[in-house]
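> Need a 3D model of the sequence below.
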Amino acid sequence: MKTESLVKEIQNKLTSGKLSKKDLSPAQWSALVFVLLTSDETKIHFDLKKYRKSQGLEDLLPVIRNTRKALLDNCQLSKDSWRLLAPVIKSSSQLKELDLSHNDLQDSGVQELFGGLQTKCGLQTLRLARCRLRKNSCDTLSLALREDTLQLTTLDLSHNELQDGGVDLLSRGIGKLETLVLQKCHLTVQSCKLLASSLKCSNLKDLDMSNNNLKSDPRDPNDGMEVFFNALMSSHCKLEVLRLQKCHLTVQSCKLLASSNVKATSNLKTLDMSNNIFEWPRDPNDPLEPNDEMKIFFKALMNLEVLRLSQCNLTEKSCKVLVASLLRGSSRLTELDLSRNDLKSEGVHELSTALSARICSLKTLRQVISVSMNPTT
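Numbers count the residues shown, from 1 in each chain. Here you go, the predicted model:
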């Protein structure tokens, strides 16, 4: 193993990217594992995709056990892989971050990897995006999260068909989580109601529910979004970042948020509601004058530090309200994203007025304006 020429040969193969288990002798394969285990870089970060052609997962398990961050995403891992990885995950104190995204894990794989944890698992970040997971995976993960053996703080389950039933199971075990990603998980506004009670008694600071249909029903007296926003504004809720991009939110959602956030008791600092079409009612007497509902909504959002409203069908009317709120002096807003809205030159002028005022707290403003230029000007 200490033969300089053998180690150098393996290092050259690694550098060139020409690595195939078929071309490696047993001695060379052992040398590869030795080189990886003694590499300072591998101890911090190991990407299995570089060695996928070698098909040597079993031989590379010692490397995975010894690294801090293991990237096994998009590696076409088979069912046998979960049996091999399970003891590594369940016993490694070194492994802190694991990415298994874009693999055919399914519920059975989650059960194999995280079911019945007996020893303390050092894993802190787990990414399982696009792993064909369903409701049963949430049950397994929820049970594991409730045990002291798992110290997970970040969980990414995006692009899986969890549905509301999965969120119901998962919400019972999110107490220790600080970051939860549920992008495009086929959720409805019912999931908001299910998560509401957990928000008041969990450590959750960052929640991403983007790309789900969370449209409120104005006919529902106990609307899930209203319950969710009320929980969000509780002083017991620790949530600081909320992402609701492309969630089919309407003006009704804005009203519910405004009625909650106006209390200013929330810990929420960042809100992203981009890619939602807000159709505010028009005043027949003066269609360019902001209505009271819009004023209440934007006034409530001034308690935030970061607000993103890209592609929300905002117009120059919105700019009037925003500027009026920014110039009150009580606004905490430091970053504002209004890109991909038809603000027109009037709206941009309103914003420039706010930026020139000393009491305006904004440090970052994102906006794009399309101007038809006269070729002669």
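> would you say residue 126 is within a strand?
Yes: Residue 126: assigned to a strand according to DSSP: H, G, I helix; E, B strand; the rest coil.
> Spell out which residues sit in contact with it, please.
Residue 126 makes contact with 97-98, 100, 152, 154-156 under the criterion CB atoms under 8 Å, 6 or more residues apart in numbering. The C-beta positions use only the backbone N, C-alpha and C, and glycine is treated the same way.
> what do you get if the cut-off is 10 Å, keeping everything else the same?
Contact analysis of residue 126 by CB atoms under 10 Å, 6 or more residues apart in numbering lists 89, 97-101, 113-114, 141, 144, 150, 152-157.
> from those, which ones fall inside strands?
If you go by DSSP state E, the contacts of residue 126 have 97-99, 154-156 in strands.
> could you pull out the helices for the stretch 151-300 of the chain?
163-170, 189-199, 224-232, 251-261, 292-301 (DSSP state H, counting those that start in this stretch).
> and the ones you listed, which one's lowest on average pLDDT?
If you rank the helices of the stretch 151-300 of the chain by mean pLDDT, helix 251-261 sits at the bottom with a mean of 83.
> what's the spacing between that one and its chain's center?
Distance of helix 251-261 from the chain centroid (CA atoms, centre = their mean, to the nearest Å) equals 23 Å.
> Repeat that for stretch 75-87.
Its chain's C-alpha centre and that of stretch 75-87 lie 25 Å apart, by CA atoms, centre = their mean.
> quick one: average confidence on that stretch?
Stretch 75-87 carries an average pLDDT of 90.
> Counting neighbours, show which residues of that stretch come out buried.
The neighbour-count check on stretch 75-87 (16 or more other CB atoms under 10 Å) flags 75, 77, 81-82, 84-86 as buried.
> that older thread, out of the ones in strands among the contacts of residue 126, which comes closest to residue 26?
residue 98 (28.4 Å; CB to CB).
> How about the contacts made by that closest one?
64, 67, 69-73, 85, 88-89, 92, 113, 123-128, 152.
> List buried residues within those.
Among the contacts of residue 98, the ones that count as buried by 16+ other CB under 10 Å are 64, 67, 70-73, 85, 88-89, 92, 113, 123-124, 126-128, 152.
> These in helices, which ones?
64, 85, 88-89, 113 (DSSP state H).
> Among those residues, which pair sits farthest apart?
Distance extremes for those: the farthest pair is 64 and 113 at 12.6 Å, using CB to CB.
> okay, and the common contacts of the two?
Joint contacts of residue 64 and residue 113 (CB under 10 Å, 6+ apart) are 85, 88-89, 98.
> Out of those, which comes closest to residue 7?
For the shared contacts of residue 64 and residue 113, the nearest to residue 7 is residue 88 (24.9 Å; CB to CB).
> Chain neighbours aside, what residue packs nearest to residue 334?
Using CB to CB, 6 or more residues apart in numbering and skipping the chain neighbours, the partner closest in space to residue 334 is residue 363 (4.8 Å).
> And for the one you found, the neighbour number?
Per other CB atoms under 10 Å, the neighbour tally for residue 363 reads 11.
> Repeat that for residue 349.
Neighbour tally, residue 349, other CB under 10 Å: 13.
> what about it, is that helix, strand or coil?
Here residue 349 is helix, with the state taken from three-state DSSP.
> tell me the contacts of it?
316, 319, 323, 343.
> Look up how far residue 316 lies from it.
According to CB to CB, to the nearest Å, residue 349 stands 9 Å off from residue 316.
> which regions of this structure lie under the pLDDT threshold?
Within the chain, the segments meeting pLDDT under 70 span 1-4, 12-23, 52-56, 218, 221-222, 261-265, 283-284, 286-288, 368-377.
> Do you have the strands of it handy? List them.
Using DSSP E, strands in the chain cover 46-47, 69-71, 97-99, 125-127, 154-156, 179-181, 206-208, 241-243, 270-272, 306-308, 335-337, 364-366.
> Give me the helices and strands touching the second one, please.
When contacts are defined as 3 or more CB pairs under 10 Å, 6 or more residues apart in numbering; DSSP states H and E, strand 69-71 packs onto strand 46-47, helix 57-66, helix 79-91, strand 97-99.
> list the contacts for the residue nearest to residue 46 when sequence neighbours are not counted?
Sequence neighbours aside, residue 67 is the residue nearest to residue 46 in space, at 4.0 Å (criterion: CB to CB, 6+ apart). By CB under 10 Å, 6+ apart, residue 67 lies in contact with 36-37, 39, 41-47, 60, 92, 94-98.
> Please apply the same query to residue 167.
Counting by CB under 10 Å, 6+ apart, residue 167 touches 135, 138, 157, 174, 180, 182, 185-188, 190-195, 198, 209, 212.
> now swap in residue 237 and tell me
Here residue 237 is in contact with 196, 198-202, 204-205, 230-231, 265-268 (CB under 10 Å, 6+ apart).
> Mind checking which of these are buried?
Buried among these (16+ other CB under 10 Å): 196, 198-199, 202, 204-205, 230-231, 266, 268.
> Between which two of these is the distance greatest?
Farthest pair in those, by CB to CB: 205 and 230, 18.7 Å.
> Count the neighbours of residue 147 for me.
16.
> I'd say residue 151 and residue 95 touch.
No: Residue 151 lies out of contact with residue 95 (CB atoms under 10 Å); the separation is 11.6 Å.
> So for these two, which residue has more residues nearby?
Each of residue 151 and residue 95 has its neighbours counted (other CB under 10 Å); residue 95 has more, 21 against 14.
> and the gap between the more buried one and residue 62?
Applying CB to CB to residue 95 and residue 62 gives a distance of 12 Å.
> ok, now which ones touch residue 181?
When contacts are counted by CB under 10 Å, 6+ apart, residue 181 touches 127-129, 154-159, 206-210, 243.
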